[in-house]
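>>> model this:
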Amino acid sequence: MRGKSKFKVRRVEPDSKFQSTTISKFINYVMDCGKKSIAQRIVYESLDLASKESKLEPLDLFNKLVQNVAPNVEVKSRRIGGANYQVPMEVKEPRRTALALRWVILGAKSKRGTNMAKRLSQEYLEALNNTGFAVKKKVDTHKMAEANRAFAHFARMK
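Residues are numbered from 1 along each chain as shown. Just a heads-up that it's a prediction; the model follows:
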């Protein structure tokens with residue numbers, strides 16, 4: 001295609017405390033109305049709370065939680081011959097972590113009562129135990145892909 005430019009990936013600076021780009025992205029997802037310092041305080045406080053309870057280092061805890069929540073396959077809608085099919089496709093790395101981080105935040109926001117740092121730390125601990133909202137989303141995504149496995153051959157067609 002003429003004139004189609006390649007997508008440029010933006011470089012995200014690592015966060016100040018753990019020097020991790022994944023935590024920096026997570027802070028950006030938590031951030032509301034451009035208030036990054038508040039988002040940093042929420043994320044760092046939630047990591048401290050969860051690490052005290054789980055007795056793991058905060059960075060190890062975060063990496064393990066992302067690994068537990070990140071989906072391997074998802075379904076994408078493809079139109080073939082006038083019909084729409086839910087075609088299971090493998091999820092590549094940047095999208096895997098983005099989905100995992102988004103689901104953890106959604107799970108924390110769905111809880112009510114306490115402040116965001118405590119809700120996030122609860123969601124971290126649930127994800128480490130393979131329970132909770134984010135892990136349920138992953139399991140549901142995998143079930144959808146398994147149910148539509150018959151249409152997997154459409155993934156190779158272009």
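>>> model confidence for the most centrally placed residue in the chain, exactly?
Most central in the chain under Cα atoms, centre = their mean is A100, positioned 1.5 Å from the mean C-alpha point. Per-residue confidence (pLDDT) for A100: 96.
>>> can you confirm it is in a helix?
Yes: judged by DSSP: H, G, I helix; E, B strand; the rest coil, A100 forms part of a helix.
>>> would S77 count as being in a helix?
No: S77: not assigned to a helix; according to three-state DSSP it is strand.
>>> please name the bridge partners of it.
Q86 (DSSP bridges).
>>> so the residue nearest to the centre of the chain is in contact with V66, correct?
Yes: A100 is within contact range of V66, at 4.9 Å (criterion: Cβ atoms under 8 Å). In short, each C-beta sits where N, CA and C put it, glycine included.
>>> remind me which residues of this protein are low pLDDT?
Within the chain, the stretches with pLDDT under 70 are 1, 156-158.
>>> can you pull out the strands in it?
Secondary structure of the chain, counting by DSSP state E: strands at 73-80, 83-90.
>>> L128: which of those strands is closest?
With Cβ to Cβ as the criterion, L128 lies closest to strand 73-80 of those, at 22.3 Å.
>>> neighbours of the closest residue to N63 other than its chain neighbours, just the number please.
Excluding the flanking residues, the one nearest N63 by Cβ to Cβ, 6 or more residues apart in numbering is T22, at 7.4 Å. Using other Cβ atoms under 10 Å, T22 has 18 neighbouring residues.
>>> also V43?
V43: 26 surrounding residues under other Cβ under 10 Å.
>>> gap between the nearest residue to it once chain neighbours are set aside and L120?
Of all residues not flanking V43 in the chain, I27 sits nearest, at 5.1 Å (Cβ to Cβ, 6+ apart). Computed with Cβ to Cβ, to the nearest Å, the distance linking I27 and L120 is 11 Å.
>>> identify the contacts common to the two.
Common contacts of I27 and L120 (Cβ atoms under 8 Å, 6 or more residues apart in numbering): V43.
>>> OK, contacts around V12?
Residues counted as contacts of V12 (Cβ under 8 Å, 6+ apart) are T21, S24, K25, N28.
>>> so which of these are in helices?
If you go by DSSP state H, those have T21, S24, K25, N28 in helices.
>>> hmm, the third one is touching A100, no?
No: no contact is recorded between K25 and A100 when judged using Cβ under 8 Å, the distance being 10.5 Å.
>>> number of nearby residues for L120?
Here the number of neighbours of L120 (other Cβ under 10 Å) works out to 26.
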